[in-house]
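Student: This is the structure alone, sequence omitted:
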């Protein structure tokens, strides 16, 4: 099965990054800025960016971005220079991305959760010339002597006394955009760096354009669509699934400063939201709101999710409460510029255990330890090839060589591809539990626990065992008091005996997550008693 029954624009094989040949859309914008300008040309009077009381049309957004672009020129920035952005979800974020695209600059996206040493490392590694940051985060910025390449720091704040950003934007619009090549780097996003130093994934213009077109064509988005950016804009889901996807369809992006379930439901109702991509925990938190049924969410037709499996219980509840909402699993990574698979909404209920079909033009295979393709249905590491796969890591040829083979990115995820082309993801290679030779995939156990009415979420990790090697341990977030034995009995009725957690830690506190919404199992393993 594939996307041939959908209205996917024509594709053809093309060379990419020297030694690759991938399917690419025949007709496409030549650059990220060209895609932005096209949105303004097609829907100039339509709403583009909404943040609080500020509402900009596409024509206004493009004009503001062109003014910021002149500010970049006045600072002496030239094509290829890196612009580091340390901002939360605010309207300046997409405007800076647009302006950088106009000037052929490379935006480097930092997380507002990062601390001074992490920020210093990224700024030094990418050689950023300018840092645009939240004024409130000034204390986290590294000393000038530690990042000598950063010649300009610009604070952004709602208070004019604290913000220098208005000066950057106080210009006449730039006359013409800087020309760039499709394969030029448009953005650098640093991976979470669970082992060693983070790596700077280089997203080229062609990667971003392809991924945005995939979202628009697979989900059938148009300029009438309205999306809430509830996830952090500084990460691949925020920047691609939200910002540039809404650019491609010329729809409206409503920017939430920070996700709170009650605020999300109010905003979704007021703005008549039609589409969004969030992590499953956000959907669960919405469903937990006692007044959920009082909100009119009838306009919400596409609910994308990724970063973690969606519990079956959550899917069933959403289907019952918002029957017009189609849930679409969107599996991907920074290295694949967001989506590698998307589940057609009409197939989610019948393929709950799958992350979907390979996106148009994507090839996904499961391979063994020697990189040989495995038969359909067998479990191995997923390798991914498509026009969305990045060319490599900034200033890190060793990591690039280790992670890419002939255009295939080694995902590190254990999964399978069945005879009908549906992809399943079972676990990260490092997270699979080996209990006396029996393999246990944490996602399966977590999904079963999520069906218990007292459970909000859980994380399955391994505990070392001198006899069996590893045993199954569960960290369970509960909404009400429940005995560990009751949860073990629940699992025993639904799982093989060796998969049932032998020990449990109960908590009311949310699980630790990185800014992408993924649970930090490494932190859980380091807790006393884990």
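Tutor: Yep, that arrived. Not measured: the values here are computed from a predicted model.
Student: what about the stretch 251-400 of the chain, any weak spots by pLDDT?
Tutor: 308-309 (pLDDT under 70).
Student: Can you show me the strands along it?
Tutor: Here the stretch 251-400 of the chain has its strands, by DSSP state E, counting those that start in this stretch, at 252-255, 275-278, 302-305, 326-333, 338-342, 357-358, 363-367, 380-385.
Student: Identify the residues contacting the longest helix anywhere in the chain?
Tutor: Counting by DSSP state H, the longest helix found in the chain is helix 58-74. Contacting residues not belonging to helix 58-74 are listed as 36-37, 39-40, 43-49, 56, 83, 94-96, 98-100, 102-103, 105, 130, 167-174, 177, 250 [Cβ atoms under 8 Å, 6 or more residues apart in numbering]. Yep, even glycine has a C-beta here, placed from its N, CA and C like the rest.
Student: list the buried ones in that helix?
Tutor: 58-62, 64-72 (16 or more other Cβ atoms under 10 Å).
Student: Quick check: mean pLDDT of that helix?
Tutor: Mean pLDDT, computed over helix 58-74, is 96.
Student: ok, now stretch 9-20?
Tutor: 95.
Student: With stretch 36-43 instead?
Tutor: pLDDT averaged over stretch 36-43 gives 98.
Student: Name the surrounding residues that touch that stretch.
Tutor: By Cβ under 8 Å, 6+ apart, stretch 36-43 touches 29, 48, 58-59, 61-62, 65, 98, 101-102, 177, 223, 247-248, 250.
Student: How far does stretch 318-335 stretch from one end to the other?
Tutor: One end of stretch 318-335 sits 30 Å from the other (Cα to Cα, to the nearest Å).
Student: That one: which residues count as buried?
Tutor: 318, 322, 325-335.
Student: what's the neighbour count on residue 239?
Tutor: For residue 239, the neighbour count with other Cβ atoms under 10 Å is 28.
Student: before we move on, what about residue 27?
Tutor: Residue 27 has 8 nearby residues by other Cβ under 10 Å.
Student: The one 5 residues further on too?
Tutor: Residue crowding around residue 32 was assessed by other Cβ under 10 Å; the count is 30.
Student: List the contacts of it.
Tutor: So residue 32 contacts 97, 101, 186, 205, 208, 209, 244, 247 (Cβ under 8 Å, 6+ apart).
Student: Against residue 103, how distant is it?
Tutor: 11 Å (Cβ to Cβ, to the nearest Å).
Student: Helices of the stretch 1-150 of the chain, residue ranges please.
Tutor: For the stretch 1-150 of the chain, helices defined by DSSP state H, counting those that start in this stretch occupy the ranges 32-43, 58-74, 92-103, 116-126.
Student: Now do the second one against helix 32-43, angle only.
Tutor: Translated: helix 58-74. 150 degrees (axes from the mean of the first three to the mean of the last three Cα atoms, to 10 degrees).
Student: Which pLDDT value goes with residue 528?
Tutor: 67.
Student: same check, this time on residue 495
Tutor: For residue 495, the predicted pLDDT is 85.
Student: Of the buried residues of stretch 318-335, which pair is most distant in space?
Tutor: Using Cβ to Cβ, these span at most 32.5 Å, a distance reached by 322 and 335.
Student: What backbone torsions are found at residue 7?
Tutor: Backbone torsions of residue 7, given as degrees, to the nearest 10, read phi -80, psi 80.
Student: So residue 247 versus residue 184, what's the distance?
Tutor: Taking Cβ to Cβ, one finds residue 247 at 18 Å from residue 184.
Student: Between those two, point out the one with more neighbours.
Tutor: Neighbours were counted for residue 247 and for residue 184 using other Cβ under 10 Å; residue 247 has more, 29 against 17.
Student: Tell me the helices and strands packed up against the one helix or strand that one maps to.
Tutor: Here residue 247 sits within helix 245-249, counting by DSSP states H and E. For helix 245-249, the packing partners by 3 or more Cβ pairs under 8 Å, 6 or more residues apart in numbering; DSSP states H and E come out as helix 32-43, helix 205-219.
Student: Buried by neighbour count, from the contacts of helix 58-74: which ones?
Tutor: Here, 16+ other Cβ under 10 Å leaves 36-37, 39-40, 43, 46-49, 56, 83, 94-96, 98-100, 102-103, 105, 130, 168-169, 171, 174, 177, 250 buried among the contacts of helix 58-74.
Student: circling back: which one of the helices of the stretch 1-150 of the chain lies closest to residue 523?
Tutor: It's helix 116-126; of these, that one is closest to residue 523 (Cβ to Cβ) at 15.4 Å.
Student: export the buried residues of stretch 318-335 to JSON lines and tack on distance to residue 360?
Tutor: JSON lines is the format used below for the buried residues of stretch 318-335 (distance: Cβ to Cβ, whole Å):
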{"residue": "318", "distance to residue 360": "26"}
{"residue": "322", "distance to residue 360": "27"}
{"residue": "325", "distance to residue 360": "23"}
{"residue": "326", "distance to residue 360": "18"}
{"residue": "327", "distance to residue 360": "20"}
{"residue": "328", "distance to residue 360": "14"}
{"residue": "329", "distance to residue 360": "16"}
{"residue": "330", "distance to residue 360": "14"}
{"residue": "331", "distance to residue 360": "15"}
{"residue": "332", "distance to residue 360": "13"}
{"residue": "333", "distance to residue 360": "18"}
{"residue": "334", "distance to residue 360": "20"}
{"residue": "335", "distance to residue 360": "18"}
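Student: So for residue 162, which of the strands of the stretch 251-400 of the chain sits nearest?
Tutor: strand 252-255 (20.0 Å).
Student: Just list what the closest one packs against, helices and strands only.
Tutor: strand 47-51, helix 92-103, strand 226-229.
Student: please redo it, this time with the cut-off set to 6 Å
Tutor: strand 47-51, strand 226-229 (3 or more Cβ pairs under 6 Å, 6 or more residues apart in numbering; DSSP states H and E).
Student: and the angle from the longest one to helix 32-43?
Tutor: Between strand 47-51 and helix 32-43, the angle formed by their directions is 110 degrees, by the same axes, to 10 degrees.
Student: Quick one: work out the angle between strand 47-51 and helix 92-103.
Tutor: Going by the same axes, to 10 degrees, strand 47-51 makes 140 degrees with helix 92-103.
Student: chain center to strand 47-51: distance?
Tutor: 21 Å (Cα atoms, centre = their mean, to the nearest Å).
Student: partner strands of it, parallel or antiparallel?
Tutor: strand 54-57 (antiparallel), strand 252-255 (parallel) (DSSP bridges).
Student: Run through who's touching it.
Tutor: Residues from elsewhere that reach strand 47-51 (Cβ atoms under 6 Å, 6 or more residues apart in numbering): 56, 57, 58, 61, 91, 94, 252, 253, 254, 255.
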